[in-house]
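In: heads up, no residue letters with this:
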Ligand SMILES: [Fe+2]
Ligand SMILES: [Fe+2]
């Protein structure tokens, strides 16, 4: 039986692992422009924070409109987006970067939109649009990270799957509220 060779020479890997040890998880084999990767993840972080804020606003406003099941859906989404923000911030630190939580410029750093919406239908529609924007963008980012940064790619894949779930929930809510 043919033994399948390793792609890398283990001794060489051990030698390279000792270089720049202070870089932690970032090794010389990191396949992307590191600063670019960190700045992209900071845009994702900003977008996720904007989504938390928008869903929180909608949660409290929907409660005022006596729409408890919809309010609960908004709250669930707000919590999911908060988890995403935390996961992205963690990944930025693993790459040796600093997560940017500065509220100034939050909207322009990310791609997610912040629309308040006056009625339930408007809120749901604005959330759906925001989800659809990040779905398209995250799909791009999955391809961009590709196999050059598998961990960030998987993170973006997980976020993408969740955003698709959110969009689906919102589309369902919309048909329920409109009929
Ligand atoms: Fe998210
Ligand atoms: Fe989402």
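Out: Ah, there it is. This structure is a prediction, so every number in the text was calculated from the model and none was measured. Ligands and ions are numbered 1, 2, ... in the order given.

In: separation between the residue in the chain positioned nearest to ligand 2 and ligand 1?
Out: Proximity of the chain to ligand 2 (CB to the ion) peaks at residue 166, 3.6 Å away. (Glycine included, C-beta is placed from N, CA and C.) As judged by CB to the ion, to the nearest Å, residue 166 and ligand 1 stand 7 Å apart.

In: three-state assignment of that residue?
Out: State at residue 166, reduced to three classes by DSSP: H, G, I helix; E, B strand; the rest coil: helix.

In: and it, how many neighbours?
Out: 24 (other CB atoms under 10 Å).

In: can I assume it is in contact with residue 84?
Out: No. Under the criterion of CB atoms under 8 Å, residue 166 makes no contact with residue 84, lying 10.3 Å away.

In: for the nearest residue to residue 17 once chain neighbours are set aside, what are its contacts?
Out: Using CB to CB, 6 or more residues apart in numbering and skipping residues adjacent in sequence, the residue nearest residue 17 is residue 27, 6.7 Å away. Contact partners of residue 27, counting by CB atoms under 8 Å, 6 or more residues apart in numbering, are 16-17, 20.

In: Just the pLDDT at the residue of the chain closest to ligand 2, thanks.
Out: Note on residue 166: pLDDT of 98.

In: Distance-wise, check it relative to residue 120.
Out: Plainly put, residue 166 is 16 Å away from residue 120 if you go by CB to CB, to the nearest Å.

In: Now do the helix or strand where residue 107 lies: which elements does it pack against?
Out: If you go by DSSP states H and E, residue 107 is part of helix 106-109. Judged by 3 or more CB pairs under 8 Å, 6 or more residues apart in numbering; DSSP states H and E, the packing partners of helix 106-109 are helix 34-64.
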